[in-house]
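In: Pasting a predicted model and its sequence here:
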Amino acid sequence: MKKHVSLSLILVFLSGCVSSQIKPPVPTSDKSRKIVVVPMEYPPLEVLNPSFKNNTPWNVSATMTWVPNQAIHTAGRVGVMFCGIFMLIDMSEAARRSAKIGGSIDDILYSKEAWVPTIIISQEAAEQITKEGKDTVILDRKIREIPGITKRERTLLGENWMAPIRSWYNQEISPFDYKVYKEGGVDAILEVGMSNYSLLTNQLLMQVMEKIVDPAGGRVLGRTRNYDLTTIADMDKLFDNDGKNFKELFAATANKLMIEDLRYLGLLAESR
């Protein structure tokens, strides 16, 4: 892992009573199954001390939609939808005046224009497992809301997001009712989530979490998480072409972490 970000920020990102990984039983990993992949609620992209020249891309605030009032933590810090990406950034008063005004953070998170990172990861996970050739995979596009998230704006250290996400990861019984899937012949649920992800100066910090759940009673059969810190070659072009470069960087980083998760859970061969 690269050392270009302070140790304190890395510890904030990764720490906080996260339970150990659980390796699924061998029979669970080996037998052919019918699996449903479920995306979890996702946190906003947090932009901290970005190394953009000329304040790019915030000088294009007219193309942004921002959430007034409730998203402000300190002067200028607001929740914004930009290129379909929900993020938390520092915006000047002038930039906010020229930006479009949206509704609540929930409206932005679940709007048709939203680019949904956990669905992106879930789609790729379903494709990777299908390529393995032994499991039947169904992608459920309904996002499961993380229990306990009551504030979706920025708070100190982001614990309003991170604490509930850790709690979800730590739980050994899923809070969601999957019995209807069991009745439909589904053998396992793969829950796909992520802890907060951040742009730190010129690096992308991300953590992907995955859990295998028995749909009959919700028991967690396996869980794992992986993280990475990726250096961005050209920050000034990161959000060009409707955010294409950022979305490709996200997909490449997330897919690498997701594949490591799937290998640990026995859903992909170690050689993949």
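Out: Alright, I've got the coordinates. Numbering: from 1, shown residues only.
In: Need the phi and psi values for the residue most central in space within the chain.
Out: With distances taken as C-alpha atoms, centre = their mean, residue 194 lies nearest the centre of the chain, 3.6 Å away. Per-residue torsions, residue 194: phi -150, psi 150 (degrees, to the nearest 10).
In: Apart from its chain neighbours, what residue comes closest to it?
Out: residue 208 (5.2 Å; C-beta to C-beta, 6 or more residues apart in numbering). No exception for glycine: its C-beta is placed from N, CA and C like everyone else's.
In: name the element that neighbour belongs to?
Out: Residue 208 is part of strand 203-213, with elements assigned from DSSP states H and E.
In: In its sheet, which strands sit next to that strand, and in what direction?
Out: Applying DSSP bridges, strand 203-213 is found paired with strand 188-194 (antiparallel), strand 197-200 (antiparallel), strand 220-231 (antiparallel).
In: Hmm, the residue nearest to residue 194 is touching residue 118, no?
Out: No. Here residue 208 lies out of contact with residue 118, judged by C-beta atoms under 8 Å, at a distance of 9.0 Å.
In: Please report how far the residue located most distally from the centre of the chain lies from residue 62.
Out: Relative to the centre of the chain, and counting by C-alpha atoms, centre = their mean, the farthest-placed residue is residue 94 at 30.5 Å. Using C-beta to C-beta, to the nearest Å, residue 94 is found at 11 Å from residue 62.
In: Now that residue 143 has come up, it's in contact with residue 119, right?
Out: Yes. Counting by C-beta under 8 Å, residue 119 is a contact partner of residue 143 at 7.2 Å.
In: Can you check which residues contact both of the two?
Out: Common contacts of residue 143 and residue 119 (C-beta atoms under 8 Å, 6 or more residues apart in numbering): residue 39.
In: So which residues of the protein form strands?
Out: Under the criterion DSSP state E, the chain carries strands at the ranges 34-39, 45-48, 65-67, 77-82, 85-90, 100-101, 136-139, 188-194, 197-200, 203-213, 220-231.
In: For residue 181, which of these is the nearest?
Out: strand 34-39 (5.5 Å; C-beta to C-beta).
In: Just to check, residue 167 is in contact with residue 161?
Out: No. In this structure, residue 167 is not within contact of residue 161 by C-beta under 8 Å, at 11.2 Å.
In: Quick one: mean pLDDT over stretch 166-175.
Out: Mean pLDDT, stretch 166-175: 94.
In: Just the buried residues of it, please?
Out: Under the neighbour-count criterion of 16 or more other C-beta atoms under 10 Å, stretch 166-175 has 166-169, 171, 174 buried.
In: Tell me which of these fall in helices.
Out: In this view, the buried residues of stretch 166-175 that belong to helices under DSSP state H are 166-169.
In: thinking again about what came up before, now the strands of the chain as JSON lines including distance to residue 244 and mean pLDDT?
Out: Below are the strands of the chain laid out as JSON lines (distance: least, C-beta to C-beta, whole Å; pLDDT from 0 to 100):
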{"stretch": "strand 34-39", "distance to residue 244": "22", "mean pLDDT": "96"}
{"stretch": "strand 45-48", "distance to residue 244": "15", "mean pLDDT": "86"}
{"stretch": "strand 65-67", "distance to residue 244": "19", "mean pLDDT": "84"}
{"stretch": "strand 77-82", "distance to residue 244": "13", "mean pLDDT": "83"}
{"stretch": "strand 85-90", "distance to residue 244": "11", "mean pLDDT": "86"}
{"stretch": "strand 100-101", "distance to residue 244": "21", "mean pLDDT": "86"}
{"stretch": "strand 136-139", "distance to residue 244": "23", "mean pLDDT": "95"}
{"stretch": "strand 188-194", "distance to residue 244": "20", "mean pLDDT": "96"}
{"stretch": "strand 197-200", "distance to residue 244": "16", "mean pLDDT": "88"}
{"stretch": "strand 203-213", "distance to residue 244": "15", "mean pLDDT": "95"}
{"stretch": "strand 220-231", "distance to residue 244": "16", "mean pLDDT": "94"}
